[in-house]
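S.K.: Build me a model:
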Amino acid sequence: MNNYKIIISYDGTEYAGWQIQKNAVTVQQKISDALQILLKEKVNLIGSGRTDAGVHAIGQTANFLTMNKINGYRFLHSLNSVLPFDIAVRKIELVDESFSARFDAVRRSYLYFIVKGKNPFWNKYAFRSGRDYNIDYLNQLCKSFLGEKNYTSFCRTRTETENKICTIYEVSWRRKKDFIIFKIEGNRFLHGMVRAITGTLLNAEKNNYSSDYIENIFASRNRETAGESVPAHGLFLYKVRY
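M.R.: So this is what the prediction gives:
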C-alpha cells in the first residue's frame, strides 16, 4: 500500500467542520469524495485533528492509503480541479506506510485574527472589534497557559475525550497594522479549547483581571468559570509539526 501525506488549506465558512458527520457538509467528506473519484477506490482520509464549524485552515495535514501509485504533480492538479473552490490541497508526498497524520503529530498551532473597524475583505476571516487592546498585558496573562495542565475549564462540556491534559509550548499576542493576532501552539487541543482560551484572555484584559483569575479557572475545572468563546470565523489551524 502507498501512503500519501497532503497539506490542505480551506475556508471553513460553509462547512460543519473537518470531520465527517451525518447530514452535514464537511471538509473531510469533500476531499474523500474527490479522492474516490480519481482513485476509483474508497479511501480512509485521516486528518491531524478536528476543526469546528466555521473554522479555517492554512495548513491542515491528512494522509490516506491507496493501491495506486500517484504522480504527485498531475494528481495534485486533478484533485484541486475536482474539489470546490474553498478547499485547496497545496502539497502531496509519499510517506512511510506507518505514518499517521493524527497520531504522529507532535505540535499543532492556531492563529486567531481580530481586525479593528470595518473591513469588507476580512469580514469572514477575522473578528471585528472597535476596542484597543493592551498587548503587553495580554502577553503577561498568557504565561498562565504554558506547560502541562488540565483544560477541563476550556473545552466543551459535552465531549467524548476523557483526557483533558494538554501541553502548551507557545502562546502570544501581537499587533500588525489593523490586526491583533493571537497564536497558540500545543501538543493537542480539545473541542472548542482555542476559542475559549482566546475569549477568556480578552475578558481578563478588558476587566483588568490578574493572572489569579486564570489560575482560579484552571482550578475550578468548570467551563462556566471561563470566558465566552470568540466567534469561529477568526480562527485558523496554522501548522502541524511532525
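
S.K.: ranges for the strands of the protein?
M.R.: Here the chain has its strands, by DSSP state E, at 2-10, 46-47, 56-66, 87-95, 107-116, 127-129, 147-150, 165-176, 179-186, 235-241.

S.K.: Worst mean pLDDT among those?
M.R.: Mean pLDDT is lowest for strand 127-129 among these, at a mean of 93.

S.K.: sorry, back to before: could you dump the strands of the chain to CSV with distance to V25?
M.R.: Glycine gets a C-beta too; all of them are placed from N, C-alpha and C. Output for the strands of the chain, formatted as CSV (distance: least, C-beta to C-beta, whole Å):
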stretch, distance to V25
strand 2-10, 12
strand 46-47, 16
strand 56-66, 15
strand 87-95, 11
strand 107-116, 22
strand 127-129, 24
strand 147-150, 34
strand 165-176, 29
strand 179-186, 28
strand 235-241, 18
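
S.K.: JSON lines for the ones you listed, including mean neighbour count and distance to N207?
M.R.: Listed next are the strands of the chain as JSON lines, based on neighbours: other C-beta atoms under 10 Å; distance: least, C-beta to C-beta, whole Å:
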{"stretch": "strand 2-10", "mean neighbour count": "20", "distance to N207": "35"}
{"stretch": "strand 46-47", "mean neighbour count": "21", "distance to N207": "37"}
{"stretch": "strand 56-66", "mean neighbour count": "22", "distance to N207": "29"}
{"stretch": "strand 87-95", "mean neighbour count": "16", "distance to N207": "40"}
{"stretch": "strand 107-116", "mean neighbour count": "20", "distance to N207": "17"}
{"stretch": "strand 127-129", "mean neighbour count": "17", "distance to N207": "15"}
{"stretch": "strand 147-150", "mean neighbour count": "13", "distance to N207": "22"}
{"stretch": "strand 165-176", "mean neighbour count": "15", "distance to N207": "17"}
{"stretch": "strand 179-186", "mean neighbour count": "20", "distance to N207": "17"}
{"stretch": "strand 235-241", "mean neighbour count": "22", "distance to N207": "23"}
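
S.K.: quick one, which of these is nearest to N222?
M.R.: When these are compared for distance to N222 using C-beta to C-beta, the nearest one is strand 147-150, at 11.5 Å.
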